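Visitor: Curious how this folds, go ahead:
(one chain, ligands or ions: 1)
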Amino acid sequence: MIFFDIDQTLINHQQAQDTAALLFLQQFSSLLPYTSEEFCQFWQAVMERHFATFMRGEITFAEHRRRRIRELFQKVKLCLTDDEADERFAIYLQHYEDNWTLFDDVWPCLNTLSNRRLGIISNGNSEQQAKKLRQTGIANRFDIVVVSEEIGVSKPKPGIFLSACRRAGVKARECTYVGDSLQNDVLAAQAVGMKGIWLNREGSGYSQIGVSAIENLDKLVAVVS
Ligand SMILES: [Mg+2]
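Guide: Take a look at the predicted model:
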């Protein structure tokens, strides 16, 4: 069985996030004093901080969204109510969702693996991750979709990988996991006995002993067959 990560593995989350951030900045440019580059970097840092708190189970997904948008406007001394924060996040979110796209190598890879059982193991909000798969048209290619929020454990912890194996009725050593994060995906999967494959789209040439790395999904078939 082959399990995949979603963001930066199948879906170009970074491009969607940056495009959405810039459209949001355009709309609120009179309030937000950032250049495009500064804003994308700041939004990324804000996202990482509050998403990590959500991942630790300390706040809800809705609260993590409010904290992200509030932090933007706190910079310019504007305190948003819950409703204002929700309204503004919804504007960003619409742009983000409108820009979800698959990497070009995803469909050819899924087609080549049409005779293999495939699954998803992803960190995030269950509803949003499922929506990404549906909206990009790949949802029914996966037998099992396991998202951290619904099981209460996130990557790199072993529990999420083992839970996915249980649901699929397979042993970890019979599974391969493909993801873009060396730490959260590849080394974490290997720690439970799966074969981890590092999708290093940057192709920086960085290699790690004991880790199979590929630059794109076209190379996956050769590694798993
Ligand atoms: Mg990822």
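
Visitor: CA only for contacts and neighbour counts going forward, please
Guide: OK.

Visitor: So which residues on the protein come close to the ion?
Guide: When proximity is defined as Cα under 5 Å from the ion, the chain approaches the ion at Asp7, Gln8.

Visitor: Looking at the chain, which residue is nearest the ion?
Guide: Asp7 (4.1 Å; Cα to the ion).

Visitor: residues touching that residue, list them.
Guide: Asp7 makes contact with His13 under the criterion Cα atoms under 8 Å, 6 or more residues apart in numbering.

Visitor: and the longest helix for this protein?
Guide: helix 36-55 (DSSP state H).

Visitor: Quick one: distance of that helix to the chain centre.
Guide: The gap between the average C-alpha position of helix 36-55 and the chain average comes to 14 Å, counting by Cα atoms, centre = their mean, to the nearest Å.

Visitor: buried residues in it?
Guide: Residues of helix 36-55 classed as buried by neighbour count (16 or more other Cα atoms under 10 Å): Phe39, Cys40, Phe42, Trp43, Gln44, Val46, Met47, His50, Phe51, Phe54, Met55.

Visitor: can you put those residues in TSV and add distance to Glu150 and pLDDT?
Guide: Compiled in TSV, these are given as follows (distance: Cα to Cα, whole Å; pLDDT from 0 to 100):
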residue	distance to Glu150	pLDDT
Phe39	32	95
Cys40	29	96
Phe42	29	95
Trp43	26	97
Gln44	24	97
Val46	24	96
Met47	20	96
His50	18	97
Phe51	16	95
Phe54	13	95
Met55	11	92
